[in-house]
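>>> the following block contains a protein sequence and its predicted model.
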Amino acid sequence: MSSDEMRRRADAFRSTGVTYHRYRPGYPDDAVGWALPDGARDVLELGAGTGRLTDALLERGLTVTAVDPSASMLAVLAARHPDVSVVEARAEATGLADASFDAIVVGQAWHWIDPAAGSAEAARLLRPRGTIAMLWNQRVPEDGWQAAFEAVQPDPRGVDLISRHDADARFPFGAREEFRTAWERTIPAEDYVQLYTTQSPFLIASPEEQARRLATWRSLLRAHAVDRVTQRYATTVWRFQLPG
């Protein structure tokens, strides 16, 4: 995917805050815990969006600063967590002070960030031996109607694709560490449909194509008499440490 296409998809999220937050899942506790170094107190969240990952950070009693380029997304986060410091900015140029954080986390967003510029900014913001961690939730559809549902709107931005495009954190960070976990949730069938409308391939599609996809998805649900859907996820975490 070209850089221009990546930017077009990223920009599509700027006005989707409320819908995005309602339908997107959070992150499993074991993945969040692994992403954070021992003793971390001050945490920067890049690409914070509406705060799905923020929730888990605050539950650990951490002091969180949330950065995102979308005012719509940050408005949802700020309304839910008024004590969190929010900054409307790109991850590559936050404007925050040097060596301010013990850890940086990036939930479902590192693939929208230039890895060289984002790494340089992260290294500037972290204290010695601080870490940056990227988390991704990936759907694992069951064979049958769920696989057919997924095929209506293929989305090639999984962690495997990111690995092939060399998206590791750059110098001066150390080697990648990786953690994987599996989990599931059960949601109403219409929420399952709406989840897919929060993804960039849907947001950038024409109104006619969006209508076609919605009709196809709802037809699949009716054909299989689906009222609630159990979704399976695999969550991958990458973690990199700054030298001491």
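All right, it came through fine.
>>> for residue 58, the count of nearby residues, please.
The local packing of residue 58 (other Cβ atoms under 10 Å) involves 17 other residues. Yep, even glycine has a C-beta here, placed from its N, CA and C like the rest.
>>> what are the ranges of the helices in the protein?
Using DSSP state H, the helices of the chain run over 3-11, 17-23, 29-35, 52-59, 71-80, 115-125, 145-151, 159-164, 189-197, 200-203, 207-223.
>>> and these, which one averages the lowest pLDDT?
If you rank those by mean pLDDT, helix 3-11 sits at the bottom with a mean of 47.
>>> identify the residue spatially nearest to the residue most central in space within the chain, adjacent ones excluded.
Nearest residue to the geometric centre of the chain (Cα atoms, centre = their mean): residue 108, 1.7 Å. Nearest residue to residue 108, sequence neighbours excluded (Cβ to Cβ, 6 or more residues apart in numbering): residue 136, at 5.9 Å.
>>> name whatever forms a beta bridge with the one you found.
Beta-bridge partners recorded for residue 136 (DSSP bridges): residue 236.
>>> how close does it get to residue 126?
Per Cβ to Cβ, to the nearest Å, residue 136 is found 21 Å from residue 126.
>>> and the gap between residue 88 and residue 72?
The value you get for residue 88 to residue 72, if Cβ to Cβ is used, is 10 Å.
>>> of those two, who's got more company?
More crowded of residue 88 and residue 72, by other Cβ under 10 Å: residue 72, with 17 against 13.
>>> quick check: pLDDT value at residue 170.
What the model reports as pLDDT for residue 170 is 95.
>>> which ones are touching it?
115, 116, 119, 120 (Cβ atoms under 8 Å, 6 or more residues apart in numbering).
>>> surely the third one meets residue 173?
Right, the one you point to is residue 119. Yes: at 6.2 Å, residue 119 counts as touching residue 173 under the criterion of Cβ atoms under 8 Å.
>>> that's all I had, so thanks and see you.
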